[in-house]
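In: Give the three-dimensional model of this entry:
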Amino acid sequence: MKRYALRYLPNGIVNRRKRGLSVPIGGWLRGPLRDWAAAILGSGRLERVGIHTSVVLELFSEHCQRKADHARALWTLLVLSEWLEWVAEQTDSQPGEGEKIAMPLTADCGTRTIARAS
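Out: The predicted model follows:
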C-alpha cells in the first residue's frame, strides 16, 4: 500500500509517524455544547459527591473566556454528572436534599481543590 501511495504522495507524508486523532472538546464546550455544559455543571448534581459547584462554574467560566484550558477536567465532570444522573434513575432513589452520596473523591485542577475526600 505504501509503495502505491509513493507514486502519488511525497515520501515525507507516506512514511511519517502515526498521529492520534484529537477531539476538539475545548472548542465544543465554548461553542455548540456551552449551554448544555453550563446547565449540567450548574445543576448541583456534583455537590452530592462533594464537588463544589461554585468552583466548577469558575473553571467553566475561565475556560469559556479562554483564560485557561480546562477542557479535560470539565469533560470529566460532565461525564461524572451524567453518570450520577443515570445511576439515580436506575436505582429510583436519589439522596435527600443536602445528603451526599458516599464516594471518597478528590480532584485537583491546577491550584484549586474542587473536592475533598471525607
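In: Who are the contact partners of the residue nearest the centre of the chain?
Out: The chain has Trp75 as the residue nearest its centroid, 0.8 Å off, counting by Cα atoms, centre = their mean. Listed by Cβ atoms under 8 Å, 6 or more residues apart in numbering, the contact set of Trp75 reads 25, 29. Glycine gets a C-beta too; all of them are placed from N, C-alpha and C.
In: Give me the local confidence score for it.
Out: Trp75 is assigned 96 on the pLDDT scale.
In: What residues of the helix or strand hosting it count as buried?
Out: Element membership of Trp75 [criterion: DSSP states H and E] is helix 71-91. For helix 71-91, a neighbour-count test (16 or more other Cβ atoms under 10 Å) marks 71, 73-75, 77-78, 80-81, 84 as buried.
In: quick one, what contacts Cys62?
Out: Check again: residue 62 is Glu, not Cys. Taking Cβ under 8 Å, 6+ apart as the test, what Glu62 contacts is 68, 70.
In: Let me know the angle separating the helix or strand hosting it from helix 71-91.
Out: Per DSSP H and E: Glu62 is located in helix 53-64. Angle between the axes of helix 53-64 and helix 71-91 is 140 degrees (criterion: axes from the mean of the first three to the mean of the last three Cα atoms, to 10 degrees).
In: Test my guess that Ala38 contacts Phe60.
Out: Yes - between Ala38 and Phe60 there is a contact at 6.7 Å, judged by Cβ atoms under 8 Å.
In: Mind checking which of these two has more residues around it?
Out: More neighbours surround Phe60 than the other of Ala38 and Phe60, with 23 against 15 (other Cβ atoms under 10 Å).
In: isn't that one right up against Ala73?
Out: No - in this structure, Phe60 is not within contact of Ala73 by Cβ under 8 Å, at 9.7 Å.
In: residues near Val14, how many?
Out: Val14: 15 surrounding residues under other Cβ under 10 Å.
In: Name the helix or strand for the nearest residue to it once chain neighbours are set aside, please.
Out: Of all residues not flanking Val14 in the chain, Ala5 sits nearest, at 4.7 Å (Cβ to Cβ, 6 or more residues apart in numbering). Using DSSP H and E, Ala5 sits in helix 2-6.
In: Done for today, thanks.
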